[in-house]
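Engineer: Turn this into a model:
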Amino acid sequence: MPKMLVLLSCFLLSSLAFAKTPPDYSQLDPRPFDPRKDPDPDMFMGHWKESSPRHTFGTLIERDLLTRNDGDSLHPRTRGAVLQFINRLTYGSLSGGNATVPSTLKGEQIVFFIDTGEGVITARGKTARLAYGIGVLMPPNLEFTMKNTGSAPLTMYIISEPVPSTFTPNKDMLVRDLNIMPGGVSGHWSHIPKAIFMKKDGLATMSGVAPVWFDGMTMGQPHSHCPGSEEIWFSVRGNPYILLGKKLRLFPPGTAYKIPSDNMTPHSTINLSKEPVLTFWFMVVPEKSPQAPSYSQLADVVWNKDRRQDVVMFFRNWRASLPRNTHGSLVEREVLLKGDPMKPAGTGTVLKYVNRFTHASLYAHSQTIPTTLKGEQEIFYIISGKGTVTAGKKTVELTRGITILMPENLGFTMQNNGSEPLEMYLISEPCPAGFRPNRDMLVVDENTTPVSSTTSHWVGIVKPLLKTSDGLGSLESVLTCEFSPMTFFQPHSHQEGTEEVWVALDTDTYVLLGMQIWPQAPGTAFMIPPDGKTPHANFNVSDHSVKLFYFARFRDHEPRK
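Structural biologist: Residues are numbered from 1 along each chain as shown. I've put the predicted structure just below:
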């Protein structure tokens, strides 16, 4: 196993040895954010532009990202004052042509990581070049100077770690260039680290120091850290996002955060761009980890294709299928179809309990033929256009947001009264043996339906449309779920017997399914593989709300008789 993976994951793996029974890692803590209990992730973040400048080493200007903790380690009083084992994390700048005064560290040693500019550093008669990607481990008791050899500022990140009295430091500075160092993907799904300095290289308090890349459209495995650990990340290049606790945040260059070490607060870096982003990691690992609770991490530490469904098979957009006629003149295009969800035979053939899920259109001024369903009932969710549906002696206006539950044994017709297509999603569900369907069609107007929750799986804003008691035969829930800007759904998986489908309505959005990020364009549906190990989470990084249509069957249940 690569050494970097060992360090990044050792406390998670070692914690299993302390557990009497294996924790359930199929999801993260499902409870919504509680400010009375949960650490506030914003207090664990800092950007150097938020702090005042001060000078060190004569001419170097430092500005704080993170500083020593000023109170309760899980509830700091000051933003960014969170460090327990590391002295400080700062951003330094040396103006063009300037040089520091000869300086010697006492009781600390420093890692310099160069961000921009050009310069040199000299210690004990040795001089090294400074440029982007150069890391320098400067031990105590060694006089050094730094000089900017260019006209632009020489900028750098500075990590100061304390030196225990029993520690034997290096005699010389150690210089590494990440641009010529080997590296590779090393755990937590998608981390691409290069370990610049490790314990064997002369670190005193920290266990490892490493730049970590995230390739385009990838995210790290959400996981938490145990008490006694100290893991810090800062952003160097690109504009990633982070999931920290139950909050989604921007993570632009110059921003740093520490993971609250309560064994329950997860973190993950998310890159939604096409280009790789560069972050930086350093950590203090405890000698022993306490027992890991359930919800402390999500899925496996190492990606293994043999243990995962091919989740591409669970995505489909109705535009990828050909049209066919039903109900005389209704034009249906398939989204998800009947199949084996554990071994799909083709893309979208994943439904076990529902007959079919389609996008349907009734063209302008058209109407369906009289139709009576047998052995099935249909659910229509109107997404655009205007029309009417008549069943029995009841006629109902159809507009956006109207949901119709049409039972079997009831004749009905649908008519488009407008000049644009009447568009809808259609769910056909089987009627179980002995099931007693409704006598009349049921109409629900989403526009007048109250919100039932704003904290479903942390952030889901739910409007329930249909449930079992309303006359569903196989399904148990039909609803819409809205996500406010910059929110992240609680990642979790589903066991066999669950059939849960999400459909993007009007806006491009993103979903975590399995260990990968997927864009979800309007008209795209996905079902969560029911293997108990494939997590999913919708998330919204836009500045406006997004809404998805949802239907689900959770477990065997008694149909209405």
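Engineer: measure stretch 108-127 end to end?
Structural biologist: End-to-end distance for stretch 108-127, by Cα to Cα, to the nearest Å: 21 Å.
Engineer: and what of stretch 388-401?
Structural biologist: 13 Å.
Engineer: Going by neighbour count, which residues in that stretch are buried?
Structural biologist: Residues of stretch 388-401 classed as buried by neighbour count (16 or more other Cβ atoms under 10 Å): 389-391, 396, 398, 401. Where you see a C-beta, it was placed from the backbone N, CA and C, and this is true even at glycine.
Engineer: Out of these, flag the one nearest to residue 145.
Structural biologist: Nearest to residue 145 out of those is residue 401 (Cβ to Cβ; 69.4 Å).
Engineer: List the contacts of the residue lying farthest from the centre of the chain.
Structural biologist: The centre of the chain is farthest from one residue, residue 393, which by Cα atoms, centre = their mean lies 49.2 Å away. By Cβ atoms under 8 Å, 6 or more residues apart in numbering, the contact set of residue 393 is empty.
Engineer: can you check the one 5 residues further on too?
Structural biologist: With contact set as Cβ under 8 Å, 6+ apart, residue 398 has these partners: 382, 385-389, 404, 414, 422.
Engineer: Skip the chain neighbours and tell me the closest residue to it.
Structural biologist: residue 387 (4.4 Å; Cβ to Cβ, 6 or more residues apart in numbering).
Engineer: cool, residue 242 as well?
Structural biologist: residue 251 (4.5 Å).
Engineer: Could you check how many residues crowd around that neighbour?
Structural biologist: Using other Cβ atoms under 10 Å, residue 251 has 26 neighbouring residues.
Engineer: That one against residue 240, yeah?
Structural biologist: Yes: contact between residue 251 and residue 240 holds when scored by Cβ atoms under 8 Å: they sit 4.8 Å apart.
Engineer: Overlap of the contact sets of the two?
Structural biologist: Contacts common to residue 251 and residue 240, judged by Cβ under 8 Å, 6+ apart, are 269, 279.
Engineer: List the beta-bridge partners for the closest residue to residue 505 other than its chain neighbours.
Structural biologist: Excluding its sequence neighbours, the residue lying closest to residue 505 (Cβ to Cβ, 6+ apart) is residue 547, at 5.1 Å. Note on residue 547: beta-bridge partners residue 482, judged by DSSP bridges.
Engineer: State the distance from the residue nearest to residue 398 to residue 485.
Structural biologist: Distance, residue 387 to residue 485, using Cβ to Cβ, to the nearest Å: 33 Å.
Engineer: And residue 212, by the same measure?
Structural biologist: Counting by Cβ to Cβ - residue 212 and residue 485 are separated by 27 Å.
Engineer: These two: which is more packed in?
Structural biologist: Set residue 212 next to residue 485 and count neighbours by other Cβ under 10 Å: residue 212 wins out with 24 against 12.
Engineer: now that one, which residues is it bridged with?
Structural biologist: The partner residues for residue 212, given DSSP bridges, come to residue 193, residue 279.
Engineer: so it touches residue 281, yeah?
Structural biologist: Yes: contact criterion Cβ under 8 Å: residue 212 and residue 281 qualify, at 5.0 Å.
Engineer: Let me know how buried the nearest residue to residue 178 once chain neighbours are set aside is, in neighbour terms.
Structural biologist: Spatially, and ignoring its direct neighbours in sequence, residue 178 is nearest to residue 133 (4.4 Å; Cβ to Cβ, 6+ apart). When counting by other Cβ under 10 Å, one arrives at 18 neighbours for residue 133.
Engineer: any idea how far the closest residue to residue 327 other than its chain neighbours lies from residue 423?
Structural biologist: Nearest residue to residue 327, sequence neighbours excluded (Cβ to Cβ, 6+ apart): residue 368, at 4.1 Å. Distance, residue 368 to residue 423, using Cβ to Cβ: 14 Å.
Engineer: Likewise for residue 118?
Structural biologist: From residue 118 over to residue 423 the distance is 60 Å, taken as Cβ to Cβ.
Engineer: show me the residues around the residue nearest to residue 505 that make contact.
Structural biologist: Residue 547 sits in contact with 480-483, 505-507, where contact means Cβ under 8 Å, 6+ apart.
Engineer: For PyMOL, write a command that selects the buried ones of those residues.
Structural biologist: Selection of the buried residues among the contacts of residue 547 in PyMOL, burial being defined by 16+ other Cβ under 10 Å:
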select buried, resi 480+481+482+483+505+507
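Engineer: Which of the contacts of residue 547 sits closest to residue 217?
Structural biologist: Nearest member of the contacts of residue 547 to residue 217, counting by Cβ to Cβ, is residue 507, at 18.1 Å.
Engineer: quick one, phi/psi of that closest one?
Structural biologist: phi -130, psi 140 (degrees, to the nearest 10).
Engineer: Can you give me the neighbour number for the residue lying closest to it once chain neighbours are set aside?
Structural biologist: Spatial nearest neighbour of residue 507, excluding adjacent residues (Cβ to Cβ, 6+ apart): residue 546 at 4.4 Å. Residue 546: 24 surrounding residues under other Cβ under 10 Å.
Engineer: what does residue 350 give?
Structural biologist: Quick note: residue 350 (other Cβ under 10 Å) scores 31 neighbours.
Engineer: go on, residue 558?
Structural biologist: For residue 558, using other Cβ under 10 Å, the count is 9.
Engineer: Got phi/psi on it?
Structural biologist: Torsion angles, degrees, to the nearest 10, at residue 558: phi -80, psi 120.
Engineer: Tell me the bridge partners for the closest residue to residue 153 other than its chain neighbours.
Structural biologist: With Cβ to Cβ, 6+ apart as the criterion, residue 153 has its nearest non-adjacent residue at 4.8 Å, and that residue is residue 93. Going by DSSP bridges, residue 93 is paired in beta bridges with residue 61, residue 155.
Engineer: and what of residue 517?
Structural biologist: Here residue 517, judged by DSSP bridges, has bridge partners residue 512.
Engineer: just checking, it touches residue 511?
Structural biologist: Yes: counting by Cβ under 8 Å, residue 511 is a contact partner of residue 517 at 7.5 Å.
Engineer: Between the two, which is the more surrounded one?
Structural biologist: residue 511 (23 against 19).
Engineer: wait, that one sits on residue 526?
Structural biologist: Yes: the pair residue 511 / residue 526 is scored as a contact, 6.6 Å apart, by Cβ under 8 Å.
Engineer: Am I right that residue 203 is in contact with residue 197?
Structural biologist: Yes: using Cβ under 8 Å, residue 203 is in contact with residue 197, at 5.6 Å.
Engineer: contacting residues around the residue nearest to residue 242?
Structural biologist: 235, 239-242, 257, 269, 279.
Engineer: Which of the residues you listed fall within strands?
Structural biologist: 235, 241-242, 257, 269, 279 (DSSP state E).
Engineer: helices or strands next to the helix or strand where residue 413 lies in the packing?
Structural biologist: Using DSSP states H and E, residue 413 sits within strand 412-416. Counting contacts by 3 or more Cβ pairs under 8 Å, 6 or more residues apart in numbering; DSSP states H and E, strand 412-416 is packed against strand 356-362, strand 387-391.
Engineer: pLDDT on it, on average?
Structural biologist: For strand 412-416, the mean pLDDT works out to 98.
Engineer: Need the contact partners of that strand.
Structural biologist: 327, 330, 362-372, 380, 385-391, 398, 406, 422, 441.
Engineer: Also stretch 549-561?
Structural biologist: 353-354, 357, 379, 381, 425, 427, 432, 434-436, 468-469, 471, 473-481, 497-503, 505.
Engineer: Where does pLDDT dip in the stretch 1-150 of the chain?
Structural biologist: The model of the stretch 1-150 of the chain has pLDDT under 70 over residues 1-24.
Engineer: Helices of that one, start to end?
Structural biologist: 3-18 (DSSP state H, counting those that start in this stretch).
Engineer: Look up how far residue 396 lies from the closest residue in space to residue 103 that isn't next to it in sequence.
Structural biologist: Nearest residue to residue 103 in three dimensions, chain neighbours excluded: residue 57, at 4.5 Å (Cβ to Cβ, 6+ apart). Distance, residue 57 to residue 396, using Cβ to Cβ: 77 Å.
Engineer: All good on my end, thank you.
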